[in-house]
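Trainee: requesting a structural model of the entry that follows:
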Amino acid sequence: MEIGMEYIKERKAFGRPIGKFEGIQFQLADDYAELEATRWLIYRTAWMMDKRYKEGKFDPLEVSKWISMCKLKAPKLAFRIFEHTMLWMGAYGYTKECPLEMGLRGVMSYYIGAEGAMNIQRIIIARQLLGREYVPYR
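Mentor: From the prediction side, this is the model:
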């Protein structure tokens, strides 16, 4: 996101920085708000894990639900931020010379299975919300 913010301050279209256009500002604001919300979700989950291991305060399955929420939300948000930033940068945004291209490939690995595919995270969350008797593969 920082790379994109620097770029939209410098890149000019119609005689002014593209960061002055509302369409770009709206995307940036939405992405930033979601990033901060996701960051707090991760902080809360880390706090729960600390309490679980130090004090035995939380049920392991409750903690796993929160971990799965992080694993579900963070890659989707990261993908969207990469997508917006790459679009702001135009053709350069998806070339190998741009560091965003490699970052996007890294994010895609979470879609297809690193740390458990996204649908697995959804199953874990739903299992914790509905109960073990609602696991779809039983």
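
Trainee: so in this protein, where's the weakest helix or strand by average pLDDT?
Mentor: Across the helices and strands of the chain, mean pLDDT, DSSP states H and E gives its lowest value to helix 99-112, namely a mean of 87.

Trainee: I'd assumed Glu97 was in a helix, is it?
Mentor: No. Counting by DSSP: H, G, I helix; E, B strand; the rest coil, Glu97 is not part of a helix but coil.

Trainee: for it, report the pLDDT, please.
Mentor: On the pLDDT scale, Glu97 is placed at 88.

Trainee: for Leu104, give me its contacts.
Mentor: Counting by CB atoms under 8 Å, 6 or more residues apart in numbering, Leu104 touches 79, 82-83, 86, 94. The way it works is simple: take the backbone N, C-alpha and C, and place the C-beta from them, glycine included.

Trainee: that one and Leu28: what is the separation?
Mentor: 18 Å (CB to CB, to the nearest Å).

Trainee: hmm, back to that, now the element after the least confident helix or strand of the chain, going C-ward?
Mentor: helix 118-130 (DSSP states H and E).
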